[in-house]
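Asker: curious how this folds, go ahead:
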Amino acid sequence: MKRMGMMLLCLTLIGTPGLRAFAAEVDQPSAGEMALDLVVARPFGVAITAVSSAVFLVSLPFTALAGGVGEAADELVKKPAQETFMRCLGCRVSGRHQTPR
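Answerer: So this is what the prediction gives:
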């Protein structure tokens, strides 16, 4: 399982720079971008969201004493979750997909 995770991470890091070179100016993602997002980016995003949420829970007593719970929640829970779940398939920016006019 650990070896599979490392392999997915390496493939993601190797394949990501090449995607920008073939990116079109239009905001409409291609089928390849959607498939890559579904197979690689979404599972990676779910894993990052889970790990960062666990880090938030572990750090909660310390951030509560310091008064920074809101900021920690935004950075460690809200942003990764938005990038994973509130982004259209194949899009690079979180939020709902709007067709270009």
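Asker: contacts for the one helix or strand residue 60 maps to?
Answerer: Here residue 60 is covered by helix 42-66, with elements defined by DSSP states H and E. Contacts to helix 42-66, defined as CB atoms under 8 Å, 6 or more residues apart in numbering, come from residues 5, 8-9, 12, 69, 71-73, 76-77, 80-81, 83-85. Any C-beta I mention is one placed from the backbone N, CA and C, and that applies to glycine too.
Asker: nearest to residue 91 among those residues?
Answerer: residue 83 (10.2 Å; CB to CB).
Asker: returning to what we had before: which among the contacts of helix 42-66 end up buried?
Answerer: Among those, those classed as buried by 16 or more other CB atoms under 10 Å are 72, 76, 77, 80, 81, 83, 84.
Asker: let's have the residues you listed in a markdown table, adding distance to residue 44 and pLDDT.
Answerer: Converted to a markdown table, the buried ones among the contacts of helix 42-66 look like this (distance: CB to CB, whole Å; pLDDT from 0 to 100):
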| residue | distance to residue 44 | pLDDT |
| --- | --- | --- |
| 72 | 22 | 94 |
| 76 | 16 | 94 |
| 77 | 17 | 94 |
| 80 | 10 | 93 |
| 81 | 13 | 93 |
| 83 | 10 | 90 |
| 84 | 9 | 90 |
